[in-house]
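Trainee: Have a look; sequence and predicted model below, questions after that.
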Amino acid sequence: MKLAEVPVGGGVVAPGPVLVLRTAGEQVTAYDAICPHASITIGLPDANGVITCPGHGGHFRASDGARVDGPAPRGLRTIAVAVREGYVVRA
């Protein structure tokens with residue numbers, strides 16, 4: 001996906017599904033967008049940097065994917081990504 005498609009301070013759920021977040025400039029992180037509790041696609045982070053699973057209301061930190069609360073047994077799995085020639089690609 002093009003880096004320009006990921007808003008600074010926000011994110012998008014790309015095919016896979018992969019949650020791609022852009023903190024600034026070319027700084028991106030990515031997580032498996034499937035909740036580890038019930039295999040439901042998670043949402044985008046809110047203004048406080050919290051990602052919510054719409055299935056059972058579990059919460060994760062956008063900064064590191066860690067579980068905050070809810071039924072998930074663990075945080076989100078990190079996916080290694082990099083920016084190359086204006087595209088976000090798996091590293």
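Mentor: Thanks, I have the structure now.

Trainee: Show the end-to-end separation of stretch 47-57, please.
Mentor: 17 Å (Cα to Cα, to the nearest Å).

Trainee: what distance separates it from the centre of its chain?
Mentor: 11 Å (Cα atoms, centre = their mean, to the nearest Å).

Trainee: average model confidence for it?
Mentor: Stretch 47-57 carries an average pLDDT of 96.

Trainee: which residue packs closest to Cys53, ignoring adjacent ones?
Mentor: Cys35 (4.1 Å; Cβ to Cβ, 6 or more residues apart in numbering). C-beta: built from backbone N, CA, C; applies to glycine.

Trainee: My understanding was that the one you found contacts Gly58; is that so?
Mentor: Yes: using Cβ atoms under 8 Å, Cys35 is in contact with Gly58, at 6.2 Å.

Trainee: So the nearest residue to Leu19 once chain neighbours are set aside versus Ile79, what's the distance?
Mentor: Leaving aside its sequence neighbours, Leu19 sits nearest to Ala33 (Cβ to Cβ, 6+ apart; 4.2 Å). Noted for Ala33: a distance of 9 Å to Ile79, by Cβ to Cβ, to the nearest Å.

Trainee: quick one: common contacting residues for the two?
Mentor: Both Ala33 and Ile79 are in contact with Val18, where contact means Cβ atoms under 8 Å, 6 or more residues apart in numbering.
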